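Trainee: Sequence plus predicted model, see below.
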Amino acid sequence: MNHQSMSAFIWSVADLLRGDYRQSDYGKVILPFTVLRRLDCVLAATKPAVLAEFEKRSGEGLNPEPFLLRAAGQSFYNTSPMDMAKLIGDADHIAQNLYAYIQAFSPAVRDIFERFEFTTQIDRLAKAGLLYQVAEKFARIDLHPGSVDNHQMGLAFEELIRRFAELSNETAGEHFTPREVIKLMVSLLFVEDDDLLSKPSVVRTIYDPTAGTGGMLSVAEDYLAGLNPTARLTMFGQELNDESYAICKADMLIKGQDVANITPGNTLSDDGHPTRKFDYMLSNPPFGVEWKKVEKIVRQEHEQQGFNGRFGPGLPRVSDGSLLFLMHLLSKMRPASEGGCRFGIVLNGSPLFTGGAGSGESEIRRYLLESDLVEAIVALPTDMFYNTGIATYVWIVSNRKPAHRKGKLQLIDASVFWKKMRKSLGSKRREMSDDDIAVVTRLFGGFEEARLATVTDADGKLVAREVVIEAETPPAPPEGGKVKLQPLSRIFDNEAFGYRTITVERPLLDDQGRPVVGQKGKAKGKPIPDSALRDTENVPLAEDVETYFTREVLPHAPDAWIDESKTKVGYEIPFNRHFYVFESPRDLAEIDADLLAVTDRIKAMIEGLAA
């Protein structure tokens, strides 16, 4: 049974729930029951040995757990003589027996069912008279490892997670990242390491501090398995939402991962992996969400620990905490001397440019660029996420840049690579195809400037779209047609995004129009600045300040000077400005001809009505 047919079978349980449950609540029953049946099947072969060991060690007064784990041959166990086949053999006591069965699991598994609030669902199903029917359906499906391996089971579980996330549009965006966005991020993350990752039995770690239901970790594992079946990706994560945490932990358990690596809680205020460093990381933190609830703890860490903590470069404004997650990831990077790290994070447009020189956001960008950590920023199409249609960007950050990328930042405009979905899911109306993902990955991996050539015929209909590397010749237009070129990939020196904000002062004038000079201290004999005339100018880092001042300011204000004590260095990444293509307005004669044709048509219609 492949994962599609398996998930279709499990999905048929929804037919039983219809009417008693809303569609968006189906997952609260089906997901934990799927986990329960899988664990039931996995433990079946060693059940007698576990029960014998439990009885023996309990009688000796010893802690039985290490003996039970060894007997089970898994990272979990169950000490109940019941299993799902026996549960449905006693229809009158199905609820009580099911409670007892769940309580007999090892603590890590019990935690999953507690966070699913599974006992609440058992009560609800029992009251609706559905508990036995649902349990009986799951008891019939064969999820034994001999029939369904961990990989197939993981795929089936992911398919269920995706379906339930799409049914629950109002919360999907919080806990579920569209699959094609994750595929793109994973491709960008691994493309430069294909040779390294294809070595036999390679082991790497990956971490997601906003794990949701574990989708990013799962796609990364699938990608690596496709590249190298002998490779091992050890997964780590943290998740705030209890239900998402339970799903993620269950998914990891089904895949044979160590569920202790998935921790609950708020990543910003209670780091679940305080001492660990990782090879790869992925994250889709919440967009534009304020961090007031954890402000005291975060500020305390920033002020007391500085760069020894996670938030040394600075703090963003309280209204948007996405850059806090980026800094958290920076603190988790394996040092370059130990092999280094690369991570991808999805952010909205705000972190690119919000905040002037000296602000927390600007200081964070300054740290990233002056430390040469950002490899690329990729603009995604709008309307890609379930709960927002805003512009989003993938940042690829690494402390082990290849030599040809050092001191450089690549910007890729992937916003043109999308197709319209047949059916919208919340705010998600567009998706990227595998071909689109391949093109963007190739642009990143090739590290070349490129343009998109859009070819149209004489009637303005699309003929072809072609990616043209900078050194290549664009395609020729058909007769009467056009070729429109727009930049897709651009490469800049890191310094190109830096600037100095200089404060320009003008003298305060007396009634006779003469400058007022100071009489005391350091200001004695110097003109007093007029605060009403004070202004600022942003000077690119690559340009000499005095040269700029002489050219841009003095011709308009010969009495101006720079207050150098107020000069600040800032960084911003005006992404859209670098991809703007000027289109000259239509010729006036052409517009007049169109207007004349329209007015003639209107006159003819009026005359027809009058007749």
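Mentor: Structure received.
Trainee: for residue 126, what are its contacts?
Mentor: Residues near residue 126 by CB atoms under 8 Å, 6 or more residues apart in numbering: 94, 95. Every C-beta, even on glycine, is put in place using the N, C-alpha and C of the backbone.
Trainee: let's go with 6 Å and repeat that
Mentor: residue 95 (CB atoms under 6 Å, 6 or more residues apart in numbering).
Trainee: next one: residue 235
Mentor: By CB under 6 Å, 6+ apart, the neighbours of residue 235 are 206, 217, 257.
Trainee: By neighbours, which of the residues you listed wins?
Mentor: Counting neighbours by other CB atoms under 10 Å, residue 217 leads the contacts of residue 235 with 28 neighbours.
Trainee: Excluding chain neighbours, give the residue nearest to that one in space.
Mentor: residue 235 (4.4 Å; CB to CB, 6 or more residues apart in numbering).
Trainee: which SS state does the one you found fall under?
Mentor: Following DSSP: H, G, I helix; E, B strand; the rest coil, the label given to residue 235 is strand.
Trainee: what's the distance between it and residue 251?
Mentor: From residue 235 across to residue 251, the span is 9 Å (CB to CB, to the nearest Å).
Trainee: Equivalent analysis for residue 590, please.
Mentor: 59 Å.
Trainee: Those two - which one has more neighbours?
Mentor: residue 251 (27 against 10).
Trainee: Wait, that one touches residue 212, no?
Mentor: No - the criterion here is CB atoms under 6 Å, and residue 251 misses it with residue 212 at 10.5 Å.
Trainee: Turn the contacts of residue 235 into CSV, including distance to residue 52 and pLDDT.
Mentor: CSV is the format used below for the contacts of residue 235 (distance: CB to CB, whole Å; pLDDT from 0 to 100):
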residue, distance to residue 52, pLDDT
206, 39, 96
217, 36, 92
257, 28, 86
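Trainee: Which pLDDT does the model give residue 523?
Mentor: Looking at residue 523, its pLDDT is 83.
Trainee: Can you get me a residue count around it?
Mentor: The number of residues near residue 523, taken as other CB under 10 Å, comes to 12.
Trainee: distance of it from residue 506?
Mentor: Distance, residue 523 to residue 506, using CB to CB: 15 Å.
Trainee: Next: residue 312.
Mentor: According to CB to CB, residue 312 stands 38 Å off from residue 506.
Trainee: By mean pLDDT, flag the weakest helix or strand of this protein.
Mentor: Ranking every helix and strand in the chain by mean pLDDT, DSSP states H and E puts helix 169-175 at the bottom, with a mean of 47.
Trainee: Phi and psi next, for residue 448.
Mentor: Torsion angles at residue 448 (phi, psi; degrees, to the nearest 10) stand at phi -130, psi 150.
Trainee: can you count the residues close to residue 319?
Mentor: If you count neighbours by other CB under 10 Å, residue 319 ends up with 12.
Trainee: scratch that, residue 106 is what I was asking about
Mentor: Residue 106 has 17 nearby residues by other CB under 10 Å.
Trainee: Tell me the predicted confidence for it.
Mentor: 92.
Trainee: Pull the contacting residues for it.
Mentor: Residue 106 makes contact with 76, 77 under the criterion CB under 6 Å, 6+ apart.
Trainee: could you check the distance from it over to residue 77?
Mentor: 5 Å.
Trainee: now residue 199
Mentor: Distance of residue 199 to residue 77, computed by CB to CB: 35 Å.
Trainee: ditto for residue 460
Mentor: 68 Å.
Trainee: Show me which of those two is the more surrounded one.
Mentor: Between residue 460 and residue 77, counting by other CB under 10 Å, residue 77 is the more crowded of the two (26 against 8).
Trainee: Contacts only, for residue 345.
Mentor: 283, 326, 395.
Trainee: Pull the contacting residues for the closest residue in space to it that isn't next to it in sequence.
Mentor: The shortest distance from residue 345 to any non-neighbouring residue, by CB to CB, 6+ apart, is to residue 283 (4.7 Å). When contacts are counted by CB under 6 Å, 6+ apart, residue 283 touches 208, 209, 210, 325, 345.
Trainee: going on from the helix or strand where residue 100 lies, what's the next piece of helix or strand?
Mentor: Here residue 100 sits within helix 94-103, counting by DSSP states H and E. Next helix or strand after helix 94-103 toward the C-terminus (DSSP H and E): helix 107-115.
Trainee: tell me which residues in the very next helix or strand once past that following helix are buried?
Mentor: Counting by DSSP H and E, the next helix or strand C-terminal to helix 107-115 is helix 118-127. Neighbour counts using 16 or more other CB atoms under 10 Å place 118, 121, 122, 124, 125 of helix 118-127 among the buried residues.
Trainee: Next: stretch 291-306.
Mentor: Neighbour-count burial for stretch 291-306 flags 291, 294, 298, 301, 302 (criterion: 16+ other CB under 10 Å).
Trainee: in the stretch 51-200 of the chain, which ranges drop under the pLDDT threshold?
Mentor: Scanning the stretch 51-200 of the chain for pLDDT under 70 picks out the ranges 166, 168-176.
Trainee: Helices of that one, start to end?
Mentor: Per DSSP state H, counting those that start in this stretch, the stretch 51-200 of the chain carries helices over the ranges 65-72, 84-87, 94-103, 107-115, 118-127, 131-140, 150-167, 169-175, 179-190, 194-197.
Trainee: The ones you listed: which one's closest to residue 8?
Mentor: Among those, the nearest to residue 8 by CB to CB is helix 150-167 (9.0 Å).
Trainee: Give me the angle between the closest one and helix 179-190.
Mentor: Interaxial angle, helix 150-167 versus helix 179-190 (axes from the mean of the first three to the mean of the last three CA atoms, to 10 degrees): 130 degrees.
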